[in-house]
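Colleague: Predicted model and sequence follow; I will ask about them next.
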Amino acid sequence: AQVKNTKLAILLFVVIGFVLYGNIFGNDFLFDDPYQITQNQYVKDFNFSKIFTTGISSGGGTDSNFFRPIVTMSFAIDYKFWGENPAGYHFTNVVLHILSALLIYFIFLTLRSNQTVAFLTGLLFLIHPLQVESVTYISGRTDLMPIFFMLLSLFFLIRVFQGKDKKYIFYVLSSVSFALALLSKELAVVFPLLIPVIYFAFIAKTINKEGVKHIILLLIPFVLLAAGYILLRLHILPFTGAYSFHQDIGGRILVFLKTLLIYWGIILFPHDLRSRFDQSFSVSSPELIVSLVVLGLIVFYSIRSLRKERKLFFGFSWFFIFLIPASGILIPLFSVIAERWLRMPSIGLFYLASLGFTKLAHESNLGVVFKRIILVILIAYLCFLSVVTIKTNSLWKNSVSYFGYLLKFYPDEPRVHNNLAIGYEKQGKKEE
């Protein structure tokens, strides 16, 4: 029965993925796409040595502090097949997104989660509108690929944890996948932090010295790869060109506390989704108090859950581990918030939401009518997310539609006006 359910789940994910993103294949290149693809000589020439020694948009004539050669290689491969037809690049993005959702499903299935929990976690990831920027915007592949490879690395590593046959091959495959994630985007450096969380939440029955020793040995290649990547970026390939949001660390912590409220709001009730150009936030006392209270409750109940199933600890740990690179606390960023930065962290919350729904649905003390109401609410919510995703896709059709939309949020932002003007010029509407 599980084999049949798995085949059905795969079919549903593929169909739903292409239905939700079927309206993006007519969308144009925009924003950074020309610098990274159509004007990037290294992509056009498939210049392997340049791709692996320069910034992601260097071939397009712009300086960049971002070293993401695997993403650039994928653009070069796409260029061989599709040339300057954006539909092909959109197809690749949609496929990567669907594959990531399927990996989430199989990861939680492999961790012996309830079939419904695994399916719903992957489904929420697949349909949630916060994914739109990464999937619909071609250059958003810089978020698609590292997450795909981190999930792939985790999938192989779980096979190692469970002592499957050929576990050493899975160990090597997991390490290689992690290396590819690092070469896709720097956020992957925090991935090793998730490994002990997974191990002690799902694999080890108790936390003891033997388990700690085992996980430390297991972590060695991942830590070495992460350290090697950091040294590579700092001393061998120290590109320049990125702009940063500068503020003292105390101010950055306060801003992060406010962004937590915004992020939780985006996940629960997504609206007004967009690329963010916010360089700073004012943080009011009520916001700070609410954020601290919620954060305190999360920490309290997560630690408390360590005595039992540890799943609450796992879900929130996943969220905060992958939010570290986007927090701006350790390293100042060019912006203080971005919906695409939620792509990997949100999986932890989607898992907890799926777990909570499944427990309610199987709660024996609840009446049949109440369970049906819960099911109707879930279906309505999933439909709401799907509709918002489809509508948001259409905003990314071209520079005029997208930057015209952004103008209402950032009327004084030069980059919005500049890109809107370029869009009008491309359409032959110079008078606009």
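Modeller: Yes, it's here. Residues are numbered from 1 along each chain as shown.
Colleague: Every contact and neighbour count from this point should use C-alpha atoms.
Modeller: OK.
Colleague: Residue 156 versus residue 317, what's the distance?
Modeller: 20 Å (CA to CA, to the nearest Å).
Colleague: Equivalent analysis for residue 98, please.
Modeller: Counting by CA to CA, the gap from residue 98 to residue 156 is 18 Å.
Colleague: With residue 71 instead?
Modeller: Residue 71 is 22 Å from residue 156, by CA to CA.
Colleague: what about these two, which has more around it?
Modeller: residue 71 (26 against 21; other CA atoms under 10 Å).
Colleague: Please, which helix or strand holds the more buried one?
Modeller: Secondary structure from DSSP states H and E places residue 71 in helix 69-82.
Colleague: Likewise for residue 419?
Modeller: Going by DSSP H and E, residue 419 is part of helix 414-426.
Colleague: Return the set of buried residues in that helix.
Modeller: Buried residues in helix 414-426, counted by 16 or more other CA atoms under 10 Å: 416-417, 419-424.
Colleague: Who are the packing partners of that helix?
Modeller: The contact analysis (3 or more CA pairs under 8 Å, 6 or more residues apart in numbering; DSSP states H and E) places helix 414-426 against helix 399-406.
Colleague: quick one: average pLDDT of the helix it packs on?
Modeller: Averaged over helix 399-406, pLDDT sits at 92.
Colleague: Also stretch 150-164?
Modeller: On average, stretch 150-164 scores 91.
Colleague: what's the answer for stretch 327-339, then?
Modeller: 79.
Colleague: low pLDDT regions in the stretch 151-300 of the chain?
Modeller: By pLDDT under 70, the low-scoring segments of the stretch 151-300 of the chain are 164, 238-247, 277-284.
Colleague: residue ranges of the helices in it, please?
Modeller: With DSSP state H, counting those that start in this stretch as the criterion, the stretch 151-300 of the chain has helices at 167-182, 191-198, 209-231, 249-268, 285-305.
Colleague: Reformat those as CSV; add mean neighbour count and distance to residue 312.
Modeller: Below are those laid out as CSV (neighbours: other CA atoms under 10 Å; distance: least, CA to CA, whole Å):
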stretch, mean neighbour count, distance to residue 312
helix 167-182, 21, 25
helix 191-198, 19, 11
helix 209-231, 14, 20
helix 249-268, 17, 16
helix 285-305, 14, 5
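Colleague: Any chance of TSV for the ones you listed, columns distance to residue 369?
Modeller: Converted to TSV, the helices of the stretch 151-300 of the chain look like this (distance: least, CA to CA, whole Å):
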stretch	distance to residue 369
helix 167-182	46
helix 191-198	36
helix 209-231	45
helix 249-268	25
helix 285-305	30
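Colleague: who wins for proximity to residue 328 among those?
Modeller: Among the helices of the stretch 151-300 of the chain, helix 249-268 comes nearest to residue 328, with 6.4 Å by CA to CA.
Colleague: ok, the residue nearest to residue 26 when sequence neighbours are not counted - contacts?
Modeller: In space, and not counting its chain neighbours, residue 26 is closest to residue 87: 6.3 Å by CA to CA, 6 or more residues apart in numbering. Residue 87 sits next to 24-27 when contact means CA atoms under 8 Å, 6 or more residues apart in numbering.
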